[in-house]
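In: got a sequence here, can you build the structure:
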Amino acid sequence: MPDEPLRPADEAAAGAPGTGENVCPRCNGAGHIDGGPCPECEGTGKITEGIGGA
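Out: Numbering: from 1, shown residues only. From the prediction side, this is the model:
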């Protein structure tokens, strides 16, 4: 959703052109690390990143 705030690992806002959703590389999509929420994805297990390449 475009109105969601950016999480620390997000490269762009959700829905931005040239981006897509991926699993968080830090927690491998689990959403938590050591019994607490992952600081990179804030517990969602997902991040928004650029797709394609240049």
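In: what about the chain, any weak spots by pLDDT?
Out: Under the criterion pLDDT under 70, the flagged ranges of the chain are 1-2, 53-54.
In: ranges for the strands of it?
Out: Secondary structure of the chain (DSSP state E): strands at 19-23, 32-33, 36-37, 46-50.
In: okay, the ones you listed, which one's buried deepest?
Out: Mean neighbour count (mean count of other Cβ atoms under 10 Å) peaks for strand 46-50 among the strands of the chain, with a mean of 19. To be clear about C-beta, it is placed using only N, CA and C from the backbone, and glycine gets the same treatment.
In: tell me the strands beside that one, with direction?
Out: strand 19-23 (antiparallel) (DSSP bridges).
In: what's the offset of the partner strand from the middle of its chain?
Out: Centroid separation for strand 19-23 versus its chain: 7 Å, with Cα atoms, centre = their mean, to the nearest Å.
In: ok, stretch 19-31 next?
Out: Here the centre of stretch 19-31 is set off from its chain's centre by 5 Å, with Cα atoms, centre = their mean.
In: ok, and what's touching it?
Out: Stretch 19-31 is contacted from outside by 9, 11-14, 33, 37-41, 43-51, using Cβ atoms under 8 Å, 6 or more residues apart in numbering.
In: same thing but 7 Å
Out: Stretch 19-31 is contacted by residues 9, 11-12, 33, 37-38, 40-41, 43-51 when judged by Cβ atoms under 7 Å, 6 or more residues apart in numbering.
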